[in-house]
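Engineer: the sequence isn't on hand, but the structure is:
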């Protein structure tokens, strides 16, 4: 069967769940820690996937792949996240072909971020791509899709006002705390010293300069380094639960598999404000309910920035136009890529025939003759808008020593 751009497109699938379709508690059921992501990618490679990308953030978990069986993506996601397939089918989504890569372009551009235009996703996407490359799961077409996603995001950022204003989850977390009465001089405990924890600490320093900040992390040297760089204190990770009553606010910035604050923690042992920026949640559901308005999760934080987000909303049509341009560019590339396979097959057959015939004595002549024939064939295919159908005719004419009729261009 002749390979066409449509065949390639139809094999590109996305299966996922995000803030558009599910709340934080539901999304948390499908979140993937780095170890689980590695295991999923290794399992995908073992199952024969050539291209597979896993994007897991606080707002979304999505798998992109070229496959004939999208149900395999559902099975992989559920197996390594622990989420139920029935929940994913009800709360998640599956997109195919151009709809799937347009969605990816939108994700990379911040169009589908919970905080519209938030570019934190770009660093997360780069990390996801690097992990797939590490597992050898970025094939040539996936590579081109990812290239177009990155270029679309770059153009959105450089030529629109889509990123105007200060909008990030770290900014939102501190803005929520800033709005609480008496928080200006708060004693704040930051749990987590990763990339997001670092951004939270920087936001605390900018937005609450009079606050007293203490950092803790499972890896103590990492917490010490972050604290020293930002003029904060540091305590060992195994001591922070006992120190909670001494703080006015705790910011939880980890991706722990189980809640750091379980339901049996006494309510009077907790600070006045608990900010949970993790997915899955760092606070047990029963404790969240007990805290009431003293508790903020990622969905609450996202609602604090509506003014800036409304300004960005005005730029959405421009962003969509840019995505449409890169969609068209990718479609054109796929048309050309689909021609590559028959041309290469044609070239291999010509090499074999010419070696058998002995008419060409040197590799140089062989290469030049085949390159010229393949080039003429590519022109014919492109000008006639019938990918691949001329290959057999050209091949047949060549083998019969009759000239190949090429349309004028």
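Structural biologist: Ah, there it is. Worth saying up front: this structure is predicted, and the values here are computed from it rather than measured.

Engineer: how is this structure divided into domains?
Structural biologist: Split into domains by automatic domain parsing, the chain comes to 5-163, 169-305, 342-399.

Engineer: export those to JSON lines and tack on distance to residue 321 and mean pLDDT?
Structural biologist: C-beta coordinates here come from the backbone N, C-alpha and C atoms, glycine included. Below are these laid out as JSON lines (distance: least, CB to CB, whole Å; pLDDT from 0 to 100):
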{"stretch": "domain 5-163", "distance to residue 321": "10", "mean pLDDT": "94"}
{"stretch": "domain 169-305", "distance to residue 321": "25", "mean pLDDT": "93"}
{"stretch": "domain 342-399", "distance to residue 321": "26", "mean pLDDT": "54"}
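
Engineer: please confirm that residue 17 is located within a strand.
Structural biologist: Yes - counting by DSSP: H, G, I helix; E, B strand; the rest coil, residue 17 is part of a strand.

Engineer: mind listing what the closest residue in space to residue 81 that isn't next to it in sequence touches?
Structural biologist: Among residues not flanking residue 81 along the chain, residue 30 sits closest, at 4.5 Å (CB to CB, 6 or more residues apart in numbering). By CB atoms under 8 Å, 6 or more residues apart in numbering, residue 30 lies in contact with 17, 61, 77-78, 81, 83, 88, 92.

Engineer: which residues in the stretch 51-200 of the chain form strands?
Structural biologist: Secondary structure of the stretch 51-200 of the chain, counting by DSSP state E, counting those that start in this stretch: strands at 52-56, 60-66, 93-96, 187-191.

Engineer: switch the ones you listed over to a markdown table; also include mean neighbour count.
Structural biologist: Below are the strands of the stretch 51-200 of the chain laid out as a markdown table (neighbours: other CB atoms under 10 Å):
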| stretch | mean neighbour count |
| --- | --- |
| strand 52-56 | 25 |
| strand 60-66 | 25 |
| strand 93-96 | 17 |
| strand 187-191 | 24 |
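
Engineer: as a markdown table, those with distance to residue 251 would be great.
Structural biologist: Shown next, in a markdown table, are the strands of the stretch 51-200 of the chain (distance: least, CB to CB, whole Å):
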| stretch | distance to residue 251 |
| --- | --- |
| strand 52-56 | 21 |
| strand 60-66 | 22 |
| strand 93-96 | 31 |
| strand 187-191 | 5 |
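
Engineer: out of those strands, which is closest to residue 130?
Structural biologist: Minimum separation from residue 130 across the strands of the stretch 51-200 of the chain (CB to CB) falls at strand 52-56, 10.6 Å.

Engineer: that closest one pairs with which strands, parallel or anti?
Structural biologist: Using DSSP bridges, the strands paired with strand 52-56 are strand 60-66 (antiparallel).

Engineer: who's in contact with the strand it pairs with?
Structural biologist: 8, 11-19, 27, 30-32, 40, 44, 49-56, 73, 76-77, 81, 100, 104, 107, 112, 139, 141-142, 145.

Engineer: likewise for stretch 155-175?
Structural biologist: Residues contacting stretch 155-175 (CB under 8 Å, 6+ apart): 58, 109-111, 114-120, 196, 199-200, 202-204, 206-208, 251, 275, 277, 296, 298, 301-302, 304-305, 308-309, 311-312, 315-316, 318-319, 322, 326.

Engineer: can you rerun that using 6 Å?
Structural biologist: Applying CB atoms under 6 Å, 6 or more residues apart in numbering, the contact partners of stretch 155-175 are 109, 115, 117-120, 199-200, 203-204, 207, 275, 277, 301, 304-305, 308, 312, 315, 318-319, 322.

Engineer: number of nearby residues for residue 23?
Structural biologist: Neighbours of residue 23 under the rule other CB atoms under 10 Å: 12.

Engineer: and the helices in the stretch 251-400 of the chain?
Structural biologist: Applying DSSP state H, counting those that start in this stretch to the stretch 251-400 of the chain gives helices spanning 285-291, 298-302, 306-313, 316-357, 363-384, 389-399.

Engineer: just the stretch 1-150 of the chain next, same as before
Structural biologist: 5-10, 24-28, 34-46, 70-81, 85-91, 98-109, 120-134, 140-159.

Engineer: now the fifth one: buried residues?
Structural biologist: It stands for helix 85-91. Buried positions in helix 85-91, judged by neighbour count with 16 or more other CB atoms under 10 Å: 88, 91.

Engineer: then the fourth one?
Structural biologist: Residues of helix 70-81 classed as buried under the neighbour-count rule (16+ other CB under 10 Å) are 70, 72-74, 76-78, 80-81.

Engineer: I appreciate the help and will end here.
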